[in-house]
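**Q** when you get a sec, could you give me coordinates for this:
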Amino acid sequence: RTSSSTGRKHRLCAGHRHHSSMRKRRTILVVGDSFCDVNAGPLPRLPEWGRNVVSPERILAQPGGAALNVACNLQRLRGDT
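**A** Below you'll find the model as predicted:
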């Protein structure tokens, strides 16, 4: 941004520059947990202790966990993870 009164350029954030060389893609290492999410449902009722509830739909095991979710979303933002 340029101030109309002084003609000086103002930085939006301390240390932030708008040079094209600063826009390089960076590699990001994500460290953390990765789990297997188990998705079942919709269930006709909540299970009670010691009793089973049969799911009318297939039970799916899918990758999950905070670190995996972060890595996948960074990849969508076009970052190398």
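**Q** just confirm Cys72 is within a helix.
**A** Yes: applying DSSP: H, G, I helix; E, B strand; the rest coil, one finds Cys72 inside a helix.
**Q** distance of it from Gly41?
**A** Spatial separation of Cys72 from Gly41 under the definition Cβ to Cβ, to the nearest Å is 23 Å. In this view, the C-beta of every residue, glycine as well, is placed from N, C-alpha and C.
**Q** now swap in Arg51 and tell me
**A** Computed as Cβ to Cβ, the Arg51 to Gly41 distance reads 16 Å.
**Q** who has more neighbours, the two?
**A** Taking neighbours as other Cβ atoms under 10 Å, Arg51 and Gly41 compare with Gly41 leading, 11 against 7.
**Q** and the helices in the chain, which stretches?
**A** With DSSP state H, the ranges of helices along the chain come out as 66-76.
**Q** so, low pLDDT: which residues of it?
**A** Applying pLDDT under 70 to the chain picks out residues 1-25, 79-81.
**Q** hmm, try it at 50
**A** By pLDDT under 50, the low-scoring segments of the chain are 1-6, 8-16, 18-19.
**Q** now do the strands in it.
**A** 35-39, 60-64 (DSSP state E).
**Q** tell me which of the ones you listed sits nearest to Arg76.
**A** With Cβ to Cβ as the measure, strand 60-64 is the member of those nearest Arg76 (14.9 Å).
**Q** which one of the strands of the chain lies nearest to Leu29?
**A** Put simply, out of the strands of the chain the one that sits nearest Leu29 is strand 60-64, at 18.1 Å, with distance taken as Cβ to Cβ.
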